[in-house]
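In: predicted model and sequence below, questions to follow.
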Amino acid sequence: MDDKLEREANDRLADCRRTKIQFELDMREGYFFAAPHRARNVLSTVPTSEVKPRDYAQLNQSFAFELTEDFTTVIINTFLPESEQWAKREAGMKVPPAQVDMVNKQVQAGDTSIFKAIAGSNFYAACGIGFTPDLAIGTIAMWIERDQAGKPINCQAIPIRELEIHTGPFGGVDDRWVSRWTRNCHIRALTKGINLPEKLSKEIETSPRGKTNISWGFWRDWEEENDECWYYVVLVGNKLVDSKKIKGRGCCPLIVARFGPSPEWGWGIGPLIKALPDIRTDDALTEAKIKNLELSLRPPIAWPDDSWTNIEDGIECDMAYPVRPGSEGAIKPIYTPNPPDAAIYDRNDLEQRLRRLFFLDWPKQTGDTPPTATQWLDEMTLAQRRIGTPGLSFWSEFAGGVFTRFQYILEKEGVIKKIEVDGRSVSLEPFNPAQRAAEQQEVAEFTRFVQIGGAAVPEEFKLYTDGPRTLKNLQKKLHGGGIYVMLSDKDAKAKLDTIQKLQQGTPATAPQVPQGQPVPQEPGPAPVPASLQIRGRM
C-alpha cells in the first residue's frame, strides 16, 4: 500500500478526533439528559463499554426525552415527509430555454423512481433509529449502499461515537470517517473483498473475541474540477488495507448533515446543546421539589444518646419500639420545613422556553375563543420560518444528499437515465420550510384581502373574481394537490350550464320518447339551493 497515503489518512483521522474532543462534554451531557441508557462514550479512540450506564438514577425529570423525540418527528415531517416528494430536479440555468420543458418532463419519471426506491428501502426506519437524540445534538450521518443486487438499498444510521468529521476549504464537511470497534471475528465480514495483511489475519484467528478498530474514510479531491471526486480509504488499526478514488455526484455513501452549524467547527450546535442551561435548571428545580417533599413527609428526628436503641436510620411504618420511661418526650422532630413557594412548582415559562428552543412552540389555543384563520396562519408561518433558517444547511446536506445518493445508485444500475443536454447536467432544486413559509404568508395576506374586499363590495368582488384560477393557485400554495380534485374546464362548463337551466326552469336534458307515445308531463322546476344560485355573474 502507498505509505504516503497511509500517513495522510492517519493524520486526517487524528485531526477529526481532536476536533470532536472539544464537543465531548456537551455531547455526553446531552446523552445524559435525553438518552441516558445509551453508550455515553462519544470518542472513537477507545471501545465502547459493554456495561449500560447506571448514572441515569441521578436524573430527576424526563422532559428532554419528549423534546428530542418530538423534534425528530417535526424535522422528518417538515423536511422529509413520507407522503411527499421532498426534492426534485429541474433544468439548470445553462440549459437552452427551448429545451427546458423537454428536460423537466424527462426527469419527472426519474424522480418518481428515486422516491419509490427511498420508500422501498429502510430509510425512514434508519432515521427513526439514528436521529434521536443525535439530530438534536446537531450532527447526524447515514451510510447508504446497496449491499447485494436485487435487494433494497440499505441505509445505516451512524452514531456520533463512530463519526469523525472535519471542515474543508469552503467551510462544509469534507473529511468524514466511520471509525468502529468490532470483534476480530467480524472483521472479514466488514472487509469483504479486501486482502488483509498476514499479521492481521493471524490475530483474527488467534483472538476472535478481541476487538480491533476499523475506519472507513472519505475526503474530497479538490484538484479534480470536472467532476466530484473523493478519496476512499480503509484503515484496520492504523494500517491502510484498501484505497481508491470514486467519482460522480452522489458517489460518497456516507452522508453527513448538521442542524445549526457554525462557521468555525464541523460539528453542528443543535437545540439540545443550546438548551443545556435550561435543562439543568429544570432538573435542579425538580430535584429541589422532591427533596422538599421528602423533608415534609419524613422530617429529621432526635433521640437521647443514652436511649434504648439506635434509630439513626429512621423509624419504619407499622413498627413498635420500646421506650424507656421518662424518655418519651425526647424523641421528636428537630426541623419543620417551610412551605415551598407556589412559584417553584410553576414551570410553564421554563418549559415553554425549552419548547421554543426545540421549535415545538406551534400555535396553541390559549383561551376559550379559538384563533381566527389569519391569526393561525400568521403564527404557523412564523414557526415554519424559524425552523427553516437553521434547517437550510440540514436540507442541503441531508435531504439533498440522500436524494442525490439514491439518484447515483439508480443511474449506475441503469434504472433511470442520466439526463444531459449538450453536456450540461440538470440541477437539484430544494423544497424546504422557508419556501413553504413564504407561500403560507401569501395565503395569509390573500385571506385578509378576501375578508376586506368581500365585505366592502361583495357583488363586485364576486364579479371580478376568476374562481377556477384562484382555486388552482391556492391548491399549489397549500400543497393540496394529492387531495383536492378540480373538474376540467369542459366538465365545469357543462355543470354550470345544467345549474343555469335549472334556475330558468328548463330541463337539463330533454327526455328521449319513442315515436308514437305521448310525452310525459314534467313536474315544475325544483327550488335551487342557495349555495348553487349564481349572483353577480354576467
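Out: Good, I have the coordinates.
In: mind checking how far the residue nearest the centre of the chain is from residue 390?
Out: In the chain, the C-alpha closest to the average C-alpha coordinate belongs to residue 75, at a distance of 3.0 Å (C-alpha atoms, centre = their mean). Relative to residue 390, residue 75 is positioned 11 Å away (C-beta to C-beta, to the nearest Å). In this view, the C-beta of every residue, glycine as well, is placed from N, C-alpha and C.
In: please apply the same query to residue 267.
Out: Taking C-beta to C-beta as the measure, residue 267 and residue 390 are separated by 14 Å.
In: okay, the two: which has more neighbours?
Out: For residue 267 against residue 390, the residue with the higher neighbour count under other C-beta atoms under 10 Å is residue 267, and the figures read 25 against 18.
In: list phi and psi for residue 216.
Out: Backbone torsions of residue 216, given as degrees, to the nearest 10, read phi -110, psi 120.
In: and it, what does it touch?
Out: 177, 178, 232, 233, 234, 254 (C-beta atoms under 8 Å, 6 or more residues apart in numbering).
In: pLDDT for those - can I get that in JSON lines?
Out: Shown next, in JSON lines, are the contacts of residue 216 (pLDDT from 0 to 100):
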{"residue": "177", "pLDDT": "97"}
{"residue": "178", "pLDDT": "97"}
{"residue": "232", "pLDDT": "97"}
{"residue": "233", "pLDDT": "97"}
{"residue": "234", "pLDDT": "96"}
{"residue": "254", "pLDDT": "97"}
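In: export those residues as CSV, with columns for distance to residue 143.
Out: CSV is the format used below for the contacts of residue 216 (distance: C-beta to C-beta, whole Å):
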residue, distance to residue 143
177, 12
178, 7
232, 13
233, 15
234, 13
254, 6
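In: got those residues as JSON lines, with neighbour count, distance to residue 353 and secondary structure columns?
Out: Output for the contacts of residue 216, formatted as JSON lines (neighbours: other C-beta atoms under 10 Å; distance: C-beta to C-beta, whole Å; DSSP: H, G, I helix; E, B strand; the rest coil):
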{"residue": "177", "neighbour count": "27", "distance to residue 353": "36", "secondary structure": "strand"}
{"residue": "178", "neighbour count": "20", "distance to residue 353": "36", "secondary structure": "strand"}
{"residue": "232", "neighbour count": "17", "distance to residue 353": "45", "secondary structure": "strand"}
{"residue": "233", "neighbour count": "24", "distance to residue 353": "45", "secondary structure": "strand"}
{"residue": "234", "neighbour count": "18", "distance to residue 353": "46", "secondary structure": "strand"}
{"residue": "254", "neighbour count": "24", "distance to residue 353": "36", "secondary structure": "strand"}
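In: between those, which sits nearest residue 242?
Out: Distances from residue 242 to the contacts of residue 216, taken as C-beta to C-beta, are shortest for residue 234 (4.1 Å).
In: got the phi/psi numbers for the residue nearest to that closest one when sequence neighbours are not counted?
Out: Nearest non-adjacent residue to residue 234, counting by C-beta to C-beta, 6 or more residues apart in numbering: residue 242, 4.1 Å away. Geometry field for residue 242 lists phi and psi as phi -160, psi 150, criterion degrees, to the nearest 10.
In: so who does residue 242 touch?
Out: Residue 242 is in contact with 191, 194, 233, 234, counting by C-beta under 8 Å, 6+ apart.
In: list residues touching both of residue 75 and residue 390?
Out: With contacts defined as C-beta under 8 Å, 6+ apart, the residues shared by residue 75 and residue 390 are residue 259.
In: just the strands in this protein please.
Out: 87-90, 139-145, 154-158, 163-167, 173-183, 211-220, 229-236, 239-247, 254-258, 301-302, 332-333, 420-421, 424-425, 427-430 (DSSP state E).
In: the longest one - contacts with which helices or strands?
Out: Counting by 3 or more C-beta pairs under 8 Å, 6 or more residues apart in numbering; DSSP states H and E, the packing neighbours recorded for strand 173-183 are helix 3-21, strand 139-145, strand 163-167, strand 211-220, strand 254-258.
In: for residue 336, find the nearest of the ones you listed.
Out: Once C-beta to C-beta is applied to these, the stretch that comes out nearest is helix 3-21, at 49.5 Å.
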